[in-house]
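Chemist: Fold the stuff below for me.
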Amino acid sequence: MENNAFADIVGKEYKCLDKGFVRLVDVMGDDNSIVQAARVSYGKGTKSLREDRSLIRYLMRHSHTSPFEMVELKFHVKLPIFVARQWIRHRTANVNEYSGRYSEMRDEFYLPEPMQIRSQSSDNKQGRSQDELPKNVVDEILQKMEDLQKNSYSDYLFFLENDLARELARINLPLSTYTEWYWKIDLHNLFHFLKLRLDEHAQYEIRVYAETIADILKQILPLSYEAFEDYELDTANFNKNELKVLREIIDVEKFNSIDLSEYGFSKSEGKEFKEKFEKFIIRNKE
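Modeler: Residues are numbered from 1 along each chain as shown. Now for the predicted structure:
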């Protein structure tokens, strides 16, 4: 790692939920690694920071993903098992998890904050609503969760004390049990993970981890994360019918009179945007 800013980040433990954390263990590459990989195609050396930023943004908006795969990040993560089961669905990483067959499971369980105890959403079958439950109900739910965790761990210790194999003793422990793993992934696939898990519809608990990882990336890969925010994270897709509606309400003359530089567009970005807009208008006229 050549970036001195990494020294303040690598090895630092970022707290997540009540007992979890994310810790960046190692990084291979930085923003400069991405532009160097991309410029192999052109046979050019490293250029200025401004040109590096422009190239990274060009790669991101045109979905040239392979240069972003040149950066790899390794994380040490402590998380509840139910979060890990969601997380592992992203099958583009290398994972090595704490083993309950070889080691004794710890007496550590996730207990939600009272404000996170919500009712089932009526329009989202896999999520919670924003509706608060009565305080007495919340208190009773949390108490039952905590009692179940304590009782299940007590039973677990009983099994171990009576020489039951660890691989069997663990099977009644709840999904709230904390586990740990090392998780290694390239930047392109990490961005895909973040796009899904930073979404407001993602479960709160995994979103906390995604937000922590995003904060780390902002510090060590600022140019790449900026491009990711602008071209992937803070964007929206429209289908054919939606585009027809947009065409009906867009004032073409007003658009053509806009100075795009006032909105942060570079010259090349503005040119591409206007070309894209012209194609959009023409396509919907046909």
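Chemist: from here on, contacts and neighbour counts on C-alpha atoms
Modeler: Will do.
Chemist: Just after the helix or strand that contains Phe158, pick out the following helix or strand.
Modeler: Phe158 belongs to helix 135-161 when assigned by DSSP states H and E. The first helix or strand that comes after helix 135-161 along the chain, using DSSP H and E, is helix 166-169.
Chemist: Now do the helices in the stretch 51-200 of the chain.
Modeler: 81-87, 135-161, 166-169, 187-197 (DSSP state H, counting those that start in this stretch).
Chemist: Return the most buried member of those.
Modeler: helix 187-197 (a mean of 19; mean count of other Cα atoms under 10 Å).
Chemist: Pull the residues that contact it.
Modeler: With contact meaning Cα atoms under 8 Å, 6 or more residues apart in numbering, helix 187-197 is reached by 65-66, 68-73, 90, 92-93, 202-203, 206-207, 210, 214, 228, 232-233.
Chemist: Just the buried residues out of those, in PyMOL syntax.
Modeler: Remark: buried members of the contacts of helix 187-197, expressed as a PyMOL selection using 16 or more other Cα atoms under 10 Å:
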select buried, resi 65+68+69+70+71+72+73+93+202+203+206+207+210+214+228+232+233
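Chemist: how about stretch 182-199 as PDB, C-alpha atoms only?
Modeler: C-alpha atoms of stretch 182-199 as PDB (Å, rounded to 0.1, in the frame of the first residue of the first chain):
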ATOM      1  CA  TYR A 182     -12.400 -12.600   7.000                       C
ATOM      2  CA  TRP A 183     -14.000 -11.300   3.800                       C
ATOM      3  CA  LYS A 184     -11.900 -10.400   0.700                       C
ATOM      4  CA  ILE A 185     -13.400  -8.800  -2.400                       C
ATOM      5  CA  ASP A 186     -12.400  -6.700  -5.300                       C
ATOM      6  CA  LEU A 187     -13.700  -3.100  -5.600                       C
ATOM      7  CA  HIS A 188     -16.000  -3.700  -8.500                       C
ATOM      8  CA  ASN A 189     -18.000  -6.400  -6.700                       C
ATOM      9  CA  LEU A 190     -17.800  -4.400  -3.400                       C
ATOM     10  CA  PHE A 191     -19.600  -1.500  -5.200                       C
ATOM     11  CA  HIS A 192     -22.300  -4.000  -6.300                       C
ATOM     12  CA  PHE A 193     -22.600  -5.200  -2.700                       C
ATOM     13  CA  LEU A 194     -22.900  -1.600  -1.500                       C
ATOM     14  CA  LYS A 195     -25.500  -0.600  -4.100                       C
ATOM     15  CA  LEU A 196     -27.800  -3.300  -2.800                       C
ATOM     16  CA  ARG A 197     -27.100  -3.100   0.900                       C
ATOM     17  CA  LEU A 198     -27.100   0.700   1.200                       C
ATOM     18  CA  ASP A 199     -30.600   0.900  -0.300                       C
END
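Chemist: any idea of the mean pLDDT in that stretch?
Modeler: For stretch 182-199, mean pLDDT rounds to 97.
Chemist: How about stretch 252-264?
Modeler: 88.
Chemist: on that earlier part again, elements contacting the helix holding Phe158?
Modeler: Applying 3 or more Cα pairs under 8 Å, 6 or more residues apart in numbering; DSSP states H and E, one finds that helix 135-161 contacts helix 166-169.
Chemist: so where's this structure shaky on pLDDT?
Modeler: Residue ranges of the chain with pLDDT under 70: 1-4, 41-49, 283-286.
Chemist: Report the central residue of it.
Modeler: Leu194 (2.3 Å; Cα atoms, centre = their mean).
Chemist: where's Phe193 relative to Glu211, distance?
Modeler: Distance, Phe193 to Glu211, using Cα to Cα, to the nearest Å: 11 Å.
Chemist: right, I mislabeled it, should have said Leu17
Modeler: With Cα to Cα as the criterion, Leu17 and Glu211 are 12 Å apart.
Chemist: These two - which one has more neighbours?
Modeler: Leu17 (18 against 15; other Cα atoms under 10 Å).
Chemist: Who are the contact partners of the more buried one?
Modeler: Here Leu17 is in contact with Tyr110, Glu205, Val208 (Cα under 8 Å, 6+ apart).
Chemist: what about 10 Å?
Modeler: Lys78, Leu79, Pro80, Tyr110, Leu111, Pro112, Glu113, Tyr204, Glu205, Ile206, Val208, Tyr209 (Cα atoms under 10 Å, 6 or more residues apart in numbering).
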